[in-house]
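Peer 1: pasting the structure only:
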């Protein structure tokens with residue numbers, strides 16, 4: 001069963017639900033869809049009755065905005081407890097603390113950030129909302145000299161983002177400070193099946209413009225990335241699943257992998273894949289696989305067959321976050337045609353309301369490994385060249 005919510009539902013997801021007759025909870029969002037769809041609808045009460053008879057129901061949501069509905073209506077399942085463990089980064093660190101002895105992390109209320117004495121903290125460190133989404137409110141602090149400026153930047157950003165999402169998705173009243181984790185960052189779409197085994201559906205490398213960069217600008221996937229990391233990542237997910245007792249549980253997991261192969265968890269985003277329907281659509285564009293089908297049919301990808309013919313190609317999900325320094329409501333236009341002309345093979349452009357949300361949209365591309373400079377360029381860009 002799936003529950004749909006704002007801010008975005010892709011046509012790919014809606015077409016999948018319509019074609020495969022996956023049960024959809026009939027909430028207010030369904031009545032607000034722009035186009036009529038022949039969805040397999042189930043009333044909220046019928047869904048509640050069905051779920052409350054099962055300790056580990058298989059539920060997917062395209063948006064964490066629906067977490068409040070789950071917490072309010074599915075108290076007799078284990079889902080609310082699992083969501084809290086993963087959405088609150090402090091609780092998640094507690095879950096894995098014995099795996100990483102000596103790892104520094106500390107929670108702090110927003111009101112106390114300005115008066116916090118961090119001189120003895122291990123630099124560099126990351127500060128971010130304990131309950132967060134995307135890279136909103138995330139900062140890297142390399143030295144004591146940067147702390148005062150970071151505090152001011154946090155306060156300024158909170159004024160802009162605090163009401164963008166429900167508190168279950170983004171809660172800016174509490175922050176976590178934690179030491180930086182070494183290694184390359186990866187995002188994984190996966191699910192834990194009915195027996196608790198993890199099934200990896202895609203692995204994406206999160207590339208950055210610099211060591212200071214914490215933005216969600218570019219994620220890439222490829223045959224080479226999948227083949228190199230699927231075995232160690234599956235083993236690591238198995239450890240998380242055992243500790244949290246996960247069954248029938250989709251997730252979007254972020255980790256860092258050091259040069260020696262050590263994997264450290266950053267966070268687990270419960271009951272969904274990538275936000276704004278982004279990474280499931282990337283998997284479709286890249287490999288022709290439907291993550292929703294794999295989840296609801298409890299299937300595992302045949303990677304040997306899927307990856308045939310994908311040598312030398314990179315597929316990217318480009319998050320066009322507003323890095324112009326100008327609030328979206330003050331931007332007259334954004335030149336999407338110029339943006340598309342900067343890529344050799346755009347696959348899909350998804351525009352968003354940049355006056356309401358701090359991003360211009362998402363772009364999916366196929367790039368030859370010999371032409372990675374096009375991804376380097378957009379990674380380094382502040383997007384001002386497209387702003388009208």
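Peer 2: Great, that's in hand. From a predicted model like this one, the values you see are computed outputs, not experimental measurements.

Peer 1: From here on, just use CA atoms for contacts and neighbour counts.
Peer 2: Noted.

Peer 1: middle-most residue in this structure, spatially?
Peer 2: residue 274 (4.1 Å; Cα atoms, centre = their mean).

Peer 1: Could I get the contacting residues of that residue?
Peer 2: Going by Cα atoms under 8 Å, 6 or more residues apart in numbering, residue 274 touches 189, 252, 280.

Peer 1: pLDDT and distance to residue 92 for these - can I get that in CSV?
Peer 2: Formatted as CSV, the contacts of residue 274 follow (pLDDT from 0 to 100; distance: Cα to Cα, whole Å):
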residue, pLDDT, distance to residue 92
189, 98, 18
252, 97, 14
280, 97, 24
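
Peer 1: Which members of these occur in strands, if any?
Peer 2: 189, 252 (DSSP state E).

Peer 1: Give me the neighbour count for residue 203.
Peer 2: The tally of other residues near residue 203 (other Cα atoms under 10 Å) stands at 27.

Peer 1: Which strand residues bridge it?
Peer 2: residue 188 (DSSP bridges).

Peer 1: Wait, it touches residue 219, no?
Peer 2: No - counting by Cα atoms under 8 Å, residue 203 stays clear of residue 219, with 9.5 Å between them.

Peer 1: Assign residue 93 to helix, strand or coil.
Peer 2: helix (DSSP: H, G, I helix; E, B strand; the rest coil).

Peer 1: gap between the closest residue to it other than its chain neighbours and residue 216?
Peer 2: Excluding the flanking residues, the one nearest residue 93 by Cα to Cα, 6 or more residues apart in numbering is residue 105, at 7.8 Å. According to Cα to Cα, to the nearest Å, residue 105 and residue 216 sit 22 Å apart.

Peer 1: From residue 69, how far out is the residue nearest to the centre of the chain?
Peer 2: 20 Å.

Peer 1: One more: residue 206?
Peer 2: Taken as Cα to Cα, the span from residue 206 to residue 69 is 31 Å.

Peer 1: swap in residue 338?
Peer 2: The value you get for residue 338 to residue 69, if Cα to Cα is used, is 41 Å.

Peer 1: The two - which one has more neighbours?
Peer 2: residue 69 (14 against 11).

Peer 1: Now do the helix or strand encompassing the more buried one: which elements does it pack against?
Peer 2: Take DSSP states H and E as the rule and residue 69 turns out to sit in helix 67-73. Counting contacts by 3 or more Cα pairs under 8 Å, 6 or more residues apart in numbering; DSSP states H and E, helix 67-73 is packed against helix 79-87.

Peer 1: can you pull the buried residues of the helix it packs on?
Peer 2: 79-80, 82-87 (16 or more other Cα atoms under 10 Å).

Peer 1: ditto for stretch 25-44
Peer 2: Buried residues in stretch 25-44 (16+ other Cα under 10 Å): 25-27, 30, 39-42, 44.

Peer 1: Excluding its own residues, what touches it? List them.
Peer 2: So stretch 25-44 is contacted by 1-6, 14, 17-18, 21-24, 47 (Cα under 8 Å, 6+ apart).

Peer 1: let's go with 7 Å and repeat that
Peer 2: 2-5, 17-18, 21-24, 47 (Cα atoms under 7 Å, 6 or more residues apart in numbering).

Peer 1: want to try CSV for those, with neighbour count as columns?
Peer 2: Converted to CSV, those look like this (neighbours: other Cα atoms under 10 Å):
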residue, neighbour count
2, 21
3, 22
4, 23
5, 18
17, 21
18, 16
21, 14
22, 17
23, 18
24, 23
47, 20
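
Peer 1: From the residues you listed, pick the one nearest residue 297.
Peer 2: Closest approach to residue 297 among these (Cα to Cα): residue 22, at 10.2 Å.

Peer 1: My read is that residue 74 contacts residue 47, right?
Peer 2: No - counting by Cα atoms under 7 Å, residue 74 does not reach residue 47; the two are 9.4 Å apart.

Peer 1: Measure how buried the closest residue to residue 221 other than its chain neighbours is and give me the count.
Peer 2: Distances taken as Cα to Cα, 6+ apart place residue 204 nearest to residue 221, at 4.6 Å, with adjacent residues excluded. Using other Cα under 10 Å, residue 204 has 24 neighbouring residues.

Peer 1: show me the contacts for residue 204.
Peer 2: Counted by Cα under 7 Å, 6+ apart, residue 204 has contacts 186-188, 219-221.

Peer 1: quick one: which of the residues you listed is nearest residue 359?
Peer 2: residue 219 (15.6 Å).
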